[in-house]
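J.: After the sequence you'll find the predicted model.
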Amino acid sequence: MTVKIACLQLDIAFGNPAENEQRVEKEIEKIAKDRPDIIVLPELWTTGYDLTRLDEIADEDGTRTKAFIQKLAKTHHVNIVAGSVAKKTANGVTNTMYIADRNGAIVGEYSKLHLFQLMNEHLYLQSGEKMGLFTLENARCAGVICYDIRFPEWIRAHMVQGAEVLFVVAEWPLPRLSHWRTLLAARAIENQCYVIACNRAGSDPNNVFAGHSLVIDPWGEIVAEASEQPCTLTAQIDLAKVNEVRKQIPIFADRRIDDYIAAEKNLQKSVDKSFHNHV
Ligand SMILES: NC(=O)CCC(=O)C(=O)O
């Protein structure tokens, strides 16, 4: 089964949800004419990293964002992986992804687990605690947010549950573009899944962002890659390829989970004591 993807690699107006909603609405109206199955938005697309003003601009319980994407999804009969937004909760603000299906139903929600200290997230945001699993177009999907891609264990946990497509939404800065490309390819190869990664373009007062949204197949080949500029990246993916690659090299069957757990807990007798004595 083939699925047509469109990643909106937007520039984001700093701390201006109303302006960003207008931009997204206009872009989705334009792209919907090409009949994509799934539209993907970047991380924190309503506010950007205007973290000091979250009290004013974060979305109370995500209510406004959910209603906004539900309406667009229904109007254009398209699934939307709606990047993430700052969601105000009783326990603080989270960096939260919402997913709406073609009928306008919210079918997934995920709050970023790993907070990125280099961009001060730990000072202003709370981390989530639930996994980002959902189903779209009969495909089992996982959603993670930016810095999360540096934690292969977290992504593997989703893949072990049967995910075939990994959505990554991001505000990834330009100086680490090579990390972005390499980490995404590694996540695709080691999990034998499609990776659909939507980054933002442009800059804010603290960072220039990398763009380079990517679609990578389960063999690690790049299907499509954007430039640094604001644009829409489109690609067609063939879900049958996931099973083909997983059959060819059966890494999920070959995993030695008990050995990994024992090794992490330092229970393996084979580890030389002198190893731990080195400073
Ligand atoms: N918004 C983010 O989580 C950025 C992560 C990042 O830049 C990294 O190098 O990791």
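T.: Perfect, I can see it now.
J.: His158 contacts Ala142, doesn't it?
T.: Yes. His158 is in contact with Ala142 according to C-beta atoms under 8 Å; the separation is 3.6 Å. Using the backbone N, CA and C atoms, a C-beta is placed for each residue, glycine as well.
J.: End to end on stretch 200-209, go ahead and measure it.
T.: 6 Å (C-alpha to C-alpha, to the nearest Å).
J.: That one and the ligand in contact?
T.: No. Stretch 200-209 lies out of reach of the ligand by C-beta under 6 Å from any ligand atom, never closer than 8.4 Å.
J.: again with stretch 48-57
T.: No. Stretch 48-57 lies out of reach of the ligand by C-beta under 6 Å from any ligand atom, never closer than 7.5 Å.
J.: Use 33 as the first number for this chain going forward.
T.: Got it, the first residue is 33 from now on, which makes the last one we talked about stretch 80-89.
J.: That stretch: end-to-end distance?
T.: For stretch 80-89, the end-to-end distance is 10 Å (C-alpha to C-alpha).
J.: Repeat that for stretch 80-97.
T.: End-to-end distance for stretch 80-97, by C-alpha to C-alpha: 14 Å.
J.: per-residue confidence averaged over it?
T.: Taken as a whole, stretch 80-97 has an average pLDDT of 98.
J.: Pull the residues that contact it.
T.: 44-47, 49, 52, 78-79, 114, 117-121, 125, 128, 130, 141, 151-153, 155-157, 203, 232, 236, 238-239 (C-beta atoms under 8 Å, 6 or more residues apart in numbering).
J.: Across the sheet, point out what pairs with the residue nearest the centre of the chain.
T.: Computing the C-alpha centroid of the chain and ranking residues by C-alpha atoms, centre = their mean puts Val200 first, at 2.0 Å. Beta-bridge partners recorded for Val200 (DSSP bridges): Val176, Ala229.
J.: pretty sure it contacts Ile228?
T.: Yes. Look at Val200 against Ile228 with C-beta under 8 Å: they come within range, at 7.1 Å.
J.: related to what we said a few turns ago, which one's more surrounded, His190 and Ala174?
T.: Set His190 next to Ala174 and count neighbours by other C-beta atoms under 10 Å: Ala174 wins out with 26 against 21.
J.: Tell me the secondary structure at the more buried one.
T.: On the three-state scheme (DSSP: H, G, I helix; E, B strand; the rest coil), Ala174 is labelled strand.
J.: cool, Ala105 as well?
T.: helix.
J.: Surely it and Tyr130 touch.
T.: No. At 10.3 Å, Ala105 does not count as touching Tyr130 under the criterion of C-beta under 8 Å.
J.: What is the helix or strand hosting Val227 packed up against?
T.: Using DSSP states H and E, Val227 maps to strand 226-231. Other helices and strands packing on strand 226-231, by 3 or more C-beta pairs under 8 Å, 6 or more residues apart in numbering; DSSP states H and E, are strand 34-41, strand 70-72, strand 197-202, helix 209-223, strand 246-248, strand 263-270.
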